[in-house]
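Colleague: Sequence and predicted model, in that order:
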Amino acid sequence: MRERGETRLVTTIKYCADAGGSVESAELLESSGHPAYDEAQIAAVKAWKLEPYRVDGPTVRVCSSVTIIFRLDDRP
């Protein structure tokens, strides 16, 4: 990545979580251009356990998106 002059990767993922807070689906909305990195980010999002979303008391299924930025740093 660094050899090609890239210093960061950006991936946007849409996910849906069930009423219990478990991610039940995740899909790529914006690719970083690196399929292996994209797949690793999707797998990470699918492993998330979220605080259940509530509407007027009961928990409900919710969908959202997240942009993940991986930045190379020159620090040791």
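Modeller: Done, it's in. Residues are numbered from 1 along each chain as shown.
Colleague: which helices and strands does the least confident helix or strand in the chain by mean pLDDT pack with?
Modeller: The helix or strand of the chain with the poorest confidence is strand 53-54; it has a mean of 92 (mean pLDDT, DSSP states H and E). If you count contacts as 3 or more CB pairs under 8 Å, 6 or more residues apart in numbering; DSSP states H and E, strand 53-54 packs onto strand 59-60. Bear in mind the C-beta positions are built from the backbone N, C-alpha and C, glycine included.
Colleague: what are the pairing partners of the strand it packs on, and which direction each?
Modeller: Looking at strand 59-60 with DSSP bridges, its partner strands are strand 53-54 (antiparallel).
Colleague: and the least confident helix or strand of the chain, how far from the chain's centre?
Modeller: In terms of CA atoms, centre = their mean, to the nearest Å, the centre of strand 53-54 is set 19 Å apart from its chain centre.
Colleague: Repeat that for stretch 51-58.
Modeller: For stretch 51-58 - counting by CA atoms, centre = their mean - the centre lies 22 Å from the chain centre.
Colleague: which of the residues in it are buried?
Modeller: For stretch 51-58, the neighbour count (16 or more other CB atoms under 10 Å) marks 52-53 as buried.
Colleague: which residues are contacting that stretch?
Modeller: The contact list for stretch 51-58 (CB atoms under 8 Å, 6 or more residues apart in numbering) reads 17, 19-21, 59-62.
Colleague: Mind checking which of those residues are buried?
Modeller: The neighbour count (16+ other CB under 10 Å) marks 17, 62 as buried among the contacts of stretch 51-58.
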